[in-house]
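S.K.: okay, sequence plus prediction incoming.
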Amino acid sequence: MASFGKILGGGIGWALGGPIGAVIGFALGAVVDDSKFVVETTNTRIPTQTGDFSASLLVLAAAVMKSDGAVLKSELEYVKKFYIKHFGVEHTQEQMLLFREIIKKDIPLADVCSQIRRSMEYASRLQLVHFLFGLSMADGQIHSNEVNIIERIAGLMGISLPDYNSIKAMFYSDSESDYKILEITNDVADEEVKKAYRKMAVKFHPDKVAHLGEDIQRDAKEKFQKVQQAFENIKKKRGIK
């Protein structure tokens, strides 16, 4: 039987237990030999590894894609491209087989998010939210059901509302997006804009997820660059030096 390490393309620890392990275990059983693969629950605190992030991402992505009642080819391609980029073609083929089985399952979302909140550090949870918004926009359209479930996921994972709105503003632009990304309003003083930028630059710095590998760290740079661009846009509008 294929191992979790091979299927998920990296080290895996705490995700083997609890509801995430159960969902993936049943899906893996269907992929391998149509039998149920049982994973024992563990409460041991283990540092997040690449496989934990990958497992969490697969389950949450399935929940988002199912939320509007249609699993689109563009969404599957977005997930596929992500895994090719991070784990290579061979592992991606295995993961997409697994993912298609996960999509068929009922996702115990509250339990899954509780496990992630308990076991995964905050910066990695922020990166999960960022990925889910990218998935939602894979076909170039805004889907309210998907946005609603991403907001629910963020809340269940313990992401603060300002942080959620900051990431959302990176994908859904309006006249206030730059300020939302920095978690401020447009009536604050220039000095507060600078303070907000410094705070967000630390919070979204790619080094926060360095332990998940260079590829995921590079993806995290996208959030960091959005913070930098928002600051530059506001500086230009206000004439801040």
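M.R.: That came in fine, so what should we check first?

S.K.: which ones are touching residue 185?
M.R.: Counting by C-beta atoms under 8 Å, 6 or more residues apart in numbering, residue 185 touches 176, 179. All C-beta spots, glycine's among them, are computed from the backbone N, C-alpha and C.

S.K.: distance of it relative to residue 212?
M.R.: Between residue 185 and residue 212 the computed distance is 33 Å (C-beta to C-beta, to the nearest Å).

S.K.: helix or strand: which one has the residue most central in space within the chain?
M.R.: Here the mean C-alpha position of the chain is nearest to the C-alpha of residue 128 (C-alpha atoms, centre = their mean), at a distance of 1.5 Å. The secondary structure element spanning residue 128 is helix 122-136 (assigned by DSSP states H and E).

S.K.: so which bits of that helix are buried?
M.R.: Of the residues in helix 122-136, those buried under the neighbour-count criterion (16 or more other C-beta atoms under 10 Å) are 123-133, 135-136.

S.K.: scan the helices and strands of this structure for the one with the lowest mean pLDDT.
M.R.: Ranked by mean pLDDT, DSSP states H and E, the weakest helix or strand in the chain is helix 4-8, scoring a mean of 56.

S.K.: quick one, domains of the chain?
M.R.: When the chain is parsed into structural domains using automatic domain parsing, the resulting residue ranges are 1-159, 169-241.

S.K.: highest mean neighbour count out of those?
M.R.: domain 1-159 (a mean of 19; mean count of other C-beta atoms under 10 Å).

S.K.: that older thread, in a markdown table, list the buried residues of helix 122-136 along with pLDDT and distance to residue 233.
M.R.: What follows is those, written out as a markdown table (pLDDT from 0 to 100; distance: C-beta to C-beta, whole Å):
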| residue | pLDDT | distance to residue 233 |
| --- | --- | --- |
| 123 | 94 | 24 |
| 124 | 94 | 28 |
| 125 | 96 | 27 |
| 126 | 96 | 21 |
| 127 | 95 | 23 |
| 128 | 95 | 26 |
| 129 | 96 | 22 |
| 130 | 94 | 19 |
| 131 | 90 | 24 |
| 132 | 92 | 25 |
| 133 | 91 | 20 |
| 135 | 83 | 26 |
| 136 | 82 | 23 |
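
S.K.: quick one: list the elements packing against the host helix or strand of residue 59.
M.R.: Counting by DSSP H and E, the element that carries residue 59 is helix 50-66. Helix 50-66 makes packing contacts with helix 4-8, helix 18-32, helix 73-104, helix 109-119, helix 122-136, helix 144-156 when contacts are defined by 3 or more C-beta pairs under 8 Å, 6 or more residues apart in numbering; DSSP states H and E.

S.K.: can I get the fifth one in PDB? Just the C-alpha atoms.
M.R.: Extracted C-alpha coordinates of helix 122-136, given in PDB (Å, rounded to 0.1, in the frame of the first residue of the first chain):
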ATOM      1  CA  TYR A 122      -0.700  31.000  12.700                       C
ATOM      2  CA  ALA A 123       1.500  32.000   9.800                       C
ATOM      3  CA  SER A 124       0.900  28.700   8.000                       C
ATOM      4  CA  ARG A 125      -2.900  29.100   8.600                       C
ATOM      5  CA  LEU A 126      -2.700  32.500   6.900                       C
ATOM      6  CA  GLN A 127      -1.000  30.800   4.000                       C
ATOM      7  CA  LEU A 128      -3.800  28.300   3.700                       C
ATOM      8  CA  VAL A 129      -6.400  31.100   3.500                       C
ATOM      9  CA  HIS A 130      -4.300  32.800   0.800                       C
ATOM     10  CA  PHE A 131      -4.300  29.500  -1.200                       C
ATOM     11  CA  LEU A 132      -8.100  29.100  -0.800                       C
ATOM     12  CA  PHE A 133      -8.800  32.500  -2.200                       C
ATOM     13  CA  GLY A 134      -6.500  31.800  -5.100                       C
ATOM     14  CA  LEU A 135      -8.500  28.600  -5.700                       C
ATOM     15  CA  SER A 136     -11.800  30.500  -5.500                       C
END
